[in-house]
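1. I'll drop the sequence and a predicted model, then ask my questions.
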Amino acid sequence: MRKRLACVFCLSAFLLAIGLVALGVEADFSPSSYNPALGEAVTFEVCQPCLGSEISQYEWDFDGDGLYEVSTEESLVVHTFTEPGYVDVAMRVVDVGGRAVTRSKGILVGESPLFAVRSFVTEEDGGTFVLVTLTAKIVLSAPALEETLPRGWQVEILDSEGALTKVTDGTLQALWAEMLIGGETRTFSYRLYPSYETGATKLSGVISAYDVEGRIEVSVCGDHSIFR
């Protein structure tokens, strides 16, 4: 059974890779906010220059259940979230030949004392530049970042903005021994070098800090799946 599931996963990754080649490059989109308030209208805009062929429709999954509840021919869509919390928003683009490519990003809905957004840039040597931007909404102390890295991938820390860092057992940790006031940001950048594994690789991470009531922890938003 495990071997069968592994084969199914490999086949899915291979078919997705063919889809990416057919479309030219990865599909991408940008939300107007990664931390919208409940009831706030969020605009999701597809990156048109990223697509390598004519698109017939755009499909959207706004609640992370794997079902694409919105289908449109427009590259821009507006959605209002009614439930708080972290959600993976997925977009699937289908070209005129019926080939599909997906892209998903994390969104944190509702009030949060802090949040963080991760972004990727694929480099010519096959590495991936990762930038995580932390934003404080109120006065916070000891902000920290913990990223779970892809298995077998190598990591190079580039700019920690003074954070104490540690990489062990596939986990990257960063701690800023300072206070942040509302509106302040910190950035943390690192580079990932791929292993010999293929297919989609997913990162996960949390950002934490302390306010007057104790420790706060939320998931990192933005990009999380690297495809190569």
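-> Received, thanks. Residues are numbered from 1 along each chain as shown.

2. wait, what's in contact with residue 133?
-> 116-117, 119, 185-187 (Cβ atoms under 8 Å, 6 or more residues apart in numbering). Backbone N, C-alpha and C define where each C-beta goes, glycine included.

3. tell me the mean pLDDT over stretch 119-131?
-> For stretch 119-131, mean pLDDT is 89.

4. can you give the domain ranges for this structure?
-> Listed by automatic domain parsing, the domain ranges of the chain are 1-111, 112-228.

5. could you tell me the least trusted of these?
-> domain 1-111 (a mean of 78).

6. now it: how far from the chain's centre is it?
-> 11 Å (Cα atoms, centre = their mean, to the nearest Å).

7. what's the distance between residue 60 and residue 75?
-> Using Cβ to Cβ, to the nearest Å, residue 60 is found at 11 Å from residue 75.

8. what is the neighbour count of the spatially closest residue to residue 75 that is not a sequence neighbour?
-> Nearest residue to residue 75, sequence neighbours excluded (Cβ to Cβ, 6 or more residues apart in numbering): residue 46, at 4.1 Å. Applying other Cβ atoms under 10 Å, we find 20 residues neighbouring residue 46.

9. who's in contact with residue 46?
-> Applying Cβ under 8 Å, 6+ apart, the residues near residue 46 are 27-29, 58, 75-76, 91, 93.

10. closest to residue 132 out of these?
-> When the contacts of residue 46 are compared for distance to residue 132 (Cβ to Cβ), residue 28 wins out at 17.9 Å.

11. helix or strand: which one has residue 191?
-> Element membership for residue 191, per DSSP states H and E: strand 185-193.

12. who are the packing partners of that strand?
-> strand 128-136, strand 154-159 (3 or more Cβ pairs under 8 Å, 6 or more residues apart in numbering; DSSP states H and E).
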